[in-house]
Every structure is written in C-alpha cells, then in structure tokens.
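>>> Next come a sequence and a model predicted from it.
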Amino acid sequence: MRCLSCDRELTDYESTKKSIFSGDYVQLCQWCLQDTDCIALGNPSLMTDADDDLLDLLEDNAVDFDDWRNDSED
C-alpha cells in the first residue's frame, strides 16, 4: 500500500492507521499525516524501530523528509 499524498510505500504499522473519528483507514505515511487534522491510531504490535524513530523525529520537528527517506532506503 502506498501513501495517497506522496506515494511512499507505507510500513505495516502505517497501513493499519485508522481515523479515530470515522474509523476509515487514512492511507497516509506518518510524515504526510502530521500535516492534517486527522488523529489516527494503528496497530502498535506492527510498529518497528524505524516507525518509532520517525515518530520521535517528527515530534522534535528535527528531520527533513527527503533526508529521512534517503537514509531509510540505504
């Protein structure tokens, strides 16, 4: 499954995220999801270290998406 906004492949964790209001799958990567008003929860048992690291970085607003993407693909 791919992000509807940036077309990046979603992680298993990201692909389980549902809006807490509508119950619909959001189909957005965490990076794109942060730019919306949507509050979504995923299956935490599918969260990897990479998902956790990205969430930490996004909370700190200390990462550039292109830099993160290039690092994660190596």
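Perfect, I can see it now. Numbering: from 1, shown residues only.

>>> so what's the residue nearest the centre of the chain up against?
In the chain, the residue lying closest to the centroid (CA atoms, centre = their mean) is Q30, at 1.9 Å. Counting by CB atoms under 8 Å, 6 or more residues apart in numbering, Q30 makes contact with 14, 51, 54-55, 58. Yep, even glycine has a C-beta here, placed from its N, CA and C like the rest.

>>> Need those residues in CSV (columns: neighbour count).
Below are the contacts of Q30 laid out as CSV (neighbours: other CB atoms under 10 Å):
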residue, neighbour count
E14, 26
D51, 17
L54, 22
L55, 14
L58, 16
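
>>> And those, which is closest to P44?
Checking the contacts of Q30 against P44 with CB to CB, the nearest one is D51 at 9.3 Å.

>>> Okay, and that closest one sits in which element?
For D51, the host element (DSSP states H and E) is helix 49-60.

>>> for this protein, what spans make up the helices?
Remark: helices assigned in the chain by DSSP state H are 30-33, 49-60, 65-73.

>>> averaging pLDDT over each of those, which comes out lowest?
Among those, helix 65-73 carries the lowest mean pLDDT, at a mean of 54.

>>> Report the contact partners of E9.
With CB under 8 Å, 6+ apart, E9 has these contacts: 1-3.

>>> Which strand residues bridge it?
With DSSP bridges as the criterion, E9 is bridged to R2.

>>> Next one: it, what pLDDT does it get?
On the pLDDT scale, E9 is placed at 95.

>>> Next one: it relative to F21, how far apart?
The gap separating E9 from F21 is 26 Å, by CB to CB, to the nearest Å.

>>> I39 now?
The value you get for I39 to F21, if CB to CB is used, is 7 Å.
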